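Asker: with the sequence up front, the predicted model follows.
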Amino acid sequence: MTNTDTTTAAPSAAVAETGAPVAPKKASRKKTTRAAKGAKKASTRKTGAKKAAVPREFSKKAIVLDLLRRKGGATMAEIQKATEWQAHSVRGFISGTVGKKMGLKVERTANDARESVYRIAK
């Protein structure tokens, strides 16, 4: 073979076909509008007074509230045993549901055995 030999060899890099079938990009279906400066945002909450939820008779919420309303209150261990909750769940329930959502003031004291005792303040 000489340098002037004109044999056709396959190129080392494959060339993509032109006009390969590719779907066009779809336009976004979301319509965007901009509110005027200073305009109030629409509220997603329902208007009107918020009703206090009454717990079902034997729900865990009702059980805990009954324990907290006792004269001496309830220890963490008593609430855990009655509800089968872990300590962090009891504390979260007392803080979030009883304290914030229901708006009740909960007092925490220590008894002689240095256990936390919770009760609803009057």
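Answerer: Looks like it arrived, so ask away.

Asker: with just CA atoms, put the longest helix along the chain into PDB.
Answerer: Secondary structure of the chain read by DSSP state H shows that its longest helix is helix 60-69. Listed next in PDB are the C-alpha coordinates belonging to helix 60-69 (Å, rounded to 0.1, in the frame of the first residue of the first chain):
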ATOM      1  CA  LYS A  60     -55.800   9.900  73.800                       C
ATOM      2  CA  LYS A  61     -56.400  13.700  73.800                       C
ATOM      3  CA  ALA A  62     -59.300  13.300  76.100                       C
ATOM      4  CA  ILE A  63     -57.400  10.900  78.400                       C
ATOM      5  CA  VAL A  64     -54.500  13.300  78.700                       C
ATOM      6  CA  LEU A  65     -56.800  16.300  79.400                       C
ATOM      7  CA  ASP A  66     -58.600  14.300  82.100                       C
ATOM      8  CA  LEU A  67     -55.200  13.500  83.700                       C
ATOM      9  CA  LEU A  68     -54.000  17.100  83.600                       C
ATOM     10  CA  ARG A  69     -57.300  18.400  85.100                       C
END
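
Asker: what residues sit buried inside that helix?
Answerer: 60-61, 63-65, 67-68 (16 or more other Cβ atoms under 10 Å). (Glycine included, C-beta is placed from N, CA and C.)

Asker: can you redo those as TSV with distance to residue 102 and pLDDT?
Answerer: TSV is the format used below for the buried residues of helix 60-69 (distance: Cβ to Cβ, whole Å; pLDDT from 0 to 100):
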residue	distance to residue 102	pLDDT
60	14	93
61	9	93
63	15	94
64	11	95
65	8	94
67	15	95
68	11	96
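
Asker: sorry, back to before: what packs against the longest helix of the chain?
Answerer: strand 74-75, helix 76-83, strand 116-120 (3 or more Cβ pairs under 8 Å, 6 or more residues apart in numbering; DSSP states H and E).

Asker: great, nothing more from me.
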